[in-house]
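A.B. asks: Have a look at this prediction, sequence included:
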Amino acid sequence: MTQSETIAERMAKAARELQDQYDPNSTVKSAVEILVRNVPGCDAASVSLVYGGRKKRVETPTASHELATANDQLQQELREGPCLDAIFHEETVYAPDLSNEERWPRWGPQACEMTGVRSVLTYRLFTLKDVLGALSVYSKEIDGFDAAAKAEGMALAAHIAIAVAAALKIDQFEEALDSRTAISQAVGVLMERFAIKPDQAFALLTRISSTQNVKLRDIAVELVRTRSVKNSIDLGEAQSWKDSRG
């Protein structure tokens, strides 16, 4: 960050940098680097993401410094802290003095003692439909973030949320595409082996998946790779299944 740049110029530069990333890992790595460079008073930064369905878990895939990693991990262990509050309760959480913070009576003092951090500013990362996680910026100074830093952090949080959401969707699309390709190939193997129709081959593949309690994609990949399926059902048994269907 240079003194001559306006906040608008810095936001535009940050948006371009985030758009240049092509996967979730590189996106969040770029995000923490941008935070440290642009938020005044920031000594370390991290991005935490929410995974899972009803039983949500929070993980920190990247942080700029060990200081941020240690503080995020401690929140997960103690189940309290600004990151969790930002994700599940408030959009923005600020703690000017962690040594005297009643909201997190265990995490605050331990964070101070372990890492020397004294204040933290955390924003929820979200879209209109989904809560993606949170970003946290840490300072070793008491009340380390003034109004300008808070405004800059909020603007960056919006850019980062958009970039992370886009990267996750791309990643999920590629995973889904890989799954469909593997399943299609496995259906082809079964059709050729047993001279059956596509719907019959898919029904057989689904039965194998259900019987073994293994994901359909994993069964498909195994079948294409080895022309057999591990653990109790092989293609010989598949032949019996086909014969029983007439």
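C.D. replies: Perfect, I can see it now. Numbers count the residues shown, from 1 in each chain.
A.B. asks: Look at the closest residue to residue 90 other than its chain neighbours and tell me its secondary structure.
C.D. replies: Once flanking residues are discounted, residue 90 sits nearest to residue 124: 7.4 Å by CB to CB, 6 or more residues apart in numbering. For every residue, glycine as well, the C-beta is placed using N, CA and C. With DSSP: H, G, I helix; E, B strand; the rest coil as the basis, the three-state label of residue 124 is strand.
A.B. asks: So what sits opposite residue 124 in the bridge?
C.D. replies: Bridge pairing for residue 124 (DSSP bridges) gives the partners residue 134.
A.B. asks: Test my guess that it contacts residue 91.
C.D. replies: Yes. If you go by CB atoms under 8 Å, residue 124 and residue 91 touch, sitting 4.7 Å apart.
A.B. asks: the more surrounded of those two?
C.D. replies: Using other CB atoms under 10 Å as the criterion, residue 124 and residue 91 rank with residue 124 on top: 22 against 15.
A.B. asks: who's in contact with the more buried one?
C.D. replies: By CB atoms under 8 Å, 6 or more residues apart in numbering, the contact list for residue 124 reads 86, 87, 90, 91, 92, 131, 133, 134, 157.
A.B. asks: Just among those, which is most surrounded?
C.D. replies: Neighbour counts for the contacts of residue 124, by other CB under 10 Å, peak at residue 134, which reaches 30 neighbours.
A.B. asks: pLDDT wise, what is that one at?
C.D. replies: At residue 134, the model reports a pLDDT of 93.
A.B. asks: Next, work out how far apart it and residue 213 are.
C.D. replies: 35 Å (CB to CB, to the nearest Å).
A.B. asks: Same question for residue 198.
C.D. replies: Separation of residue 198 from residue 213 (CB to CB) stands at 24 Å.
A.B. asks: Same question for residue 183.
C.D. replies: Separation of residue 183 from residue 213 (CB to CB) stands at 17 Å.
A.B. asks: Compare the two and say which one has the larger neighbour count.
C.D. replies: Neighbours per residue, other CB under 10 Å: of residue 183 and residue 213, the larger number sits with residue 183, 21 against 7.
A.B. asks: For that one, which three-state class applies?
C.D. replies: With three-state DSSP as the basis, residue 183 sits in helix.
A.B. asks: same thing with residue 129?
C.D. replies: State at residue 129, reduced to three classes by three-state DSSP: coil.
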